[in-house]
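Novice: could you look at this predicted model? Sequence included:
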Amino acid sequence: MSYRSLMVHVELDPSNDSRLTVAGMLAASFDASLIGIAAADPNPPAYGGSGLAAGLVVQEKERIHAQMAQAEKRFRAATAGNAPRIEWRQGFDKPNIFLARESRAADVVIIGPNRAGAVRDPFHVLDADILIMHAGRPILLVPSETETLSVKTVVVGWKDTREARRAIWDALPLLGRAEYVVVAEVSEQGDAPAVRTRTDDVAKWLTSHGVAAIGRAVKGDDAAKLLPELASEESADLIVSGAYGHSRMQEWIWGGVTRSLLTTARCCCLLAH
């Protein structure tokens, strides 16, 4: 199993483009195509429908188009000599909508972190919360501090749920390249037989796919704190986890672990819902 096509989001405002370097390296490693993508909506409702509003939309389109041209240059410069095949896509649409739709062309979508938490401008800024819900693809989150992804050691945050099963399956091409994978379940029961059975089952399944994996039980009730601590302790450069939450009206309220990884993770995270 391998990745054949990767997609990386490029922000329009100049930012830390470390994810572009990581995306290029991964594309080279998997001999995969790499799609750079950017989007923004030049027609927010606040503009209304007057003649003045039409003029503002034209101006905004021109501004966004210029930003997209610069974003494409950054993408091509960062991935030159790494990704064997590159492609550029852009659109006048909300970033979440455009990326979710275009993700049909990729095995994995690579994005940057959202340190601020809530996204206030959905017309110009990508919201990872919404993208995870609608992309139907795993999301690889690359922190600004990360410039490489060696995948030597990986921590899988296990929970006996559909989301965790989906995440570990989606991560299998990366896990197959790891030297050491820890399947960890955080539980107040600690190393109880039921917990050990679950983590050992997953580790054995990974072993059957050629992955060097062990199961581990972590005693505690704060997985949002303990899972990143374990990753740091193991010097892991990737955390794999299901994304958990619930809908409340038009919001998506993520659980503690998912919210923590989306906003504070210091190593790469592969999340799937």
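Specialist: It's in. Numbers count the residues shown, from 1 in each chain.

Novice: quick one, helices of the chain?
Specialist: Remark: helices assigned in the chain by DSSP state H are 18-30, 51-79, 95-102, 128-134, 162-170, 172-175, 193-208, 223-233, 256-264.

Novice: can those helices go into TSV with extra columns for mean neighbour count?
Specialist: Just so you know, the C-beta spots here come from the backbone N, C-alpha and C atoms, and that holds for glycine as well. Output for the helices of the chain, formatted as TSV (neighbours: other C-beta atoms under 10 Å):
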stretch	mean neighbour count
helix 18-30	22
helix 51-79	15
helix 95-102	21
helix 128-134	21
helix 162-170	19
helix 172-175	21
helix 193-208	16
helix 223-233	18
helix 256-264	20
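
Novice: worst mean pLDDT among these?
Specialist: Among the helices of the chain, helix 256-264 has the lowest mean pLDDT, at a mean of 83.

Novice: how about that helix as PDB, C-alpha atoms only?
Specialist: What follows is helix 256-264, C-alpha atoms only, in PDB (Å, rounded to 0.1, in the frame of the first residue of the first chain):
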ATOM      1  CA  GLY A 256     -10.000  17.300  24.100                       C
ATOM      2  CA  VAL A 257      -7.400  15.100  22.200                       C
ATOM      3  CA  THR A 258      -8.500  16.300  18.700                       C
ATOM      4  CA  ARG A 259      -8.700  19.900  19.800                       C
ATOM      5  CA  SER A 260      -5.300  19.700  21.500                       C
ATOM      6  CA  LEU A 261      -3.600  18.200  18.400                       C
ATOM      7  CA  LEU A 262      -5.200  20.700  16.000                       C
ATOM      8  CA  THR A 263      -4.100  23.700  18.000                       C
ATOM      9  CA  THR A 264      -1.000  22.800  20.000                       C
END
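
Novice: packing partners of it?
Specialist: helix 223-233, strand 238-242, strand 268-272 (3 or more C-beta pairs under 8 Å, 6 or more residues apart in numbering; DSSP states H and E).

Novice: so which of these is nearest residue 81?
Specialist: strand 268-272 (21.6 Å; C-beta to C-beta).

Novice: which other residues reach that closest one?
Specialist: For strand 268-272, the external contacting residues (C-beta atoms under 8 Å, 6 or more residues apart in numbering) are 22, 108, 132, 138-143, 146, 149, 163, 166-167, 170-171, 174, 237-243, 258, 261-262.

Novice: now that strand - C-alpha only, CSV.
Specialist: The C-alpha coordinates for strand 268-272 follow below in CSV (Å, rounded to 0.1, in the frame of the first residue of the first chain):
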residue,chain,number,x,y,z
CYS,A,268,3.1,16.0,12.7
CYS,A,269,-0.3,14.5,13.2
LEU,A,270,-2.4,12.3,10.9
LEU,A,271,-6.1,12.7,11.7
ALA,A,272,-9.1,10.9,10.2
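
Novice: now that strand against helix 256-264, angle please.
Specialist: 130 degrees (axes from the mean of the first three to the mean of the last three C-alpha atoms, to 10 degrees).

Novice: from the chain's centre, how far out does strand 268-272 sit?
Specialist: From the chain centre to the centre of strand 268-272 is a distance of 5 Å (C-alpha atoms, centre = their mean, to the nearest Å).
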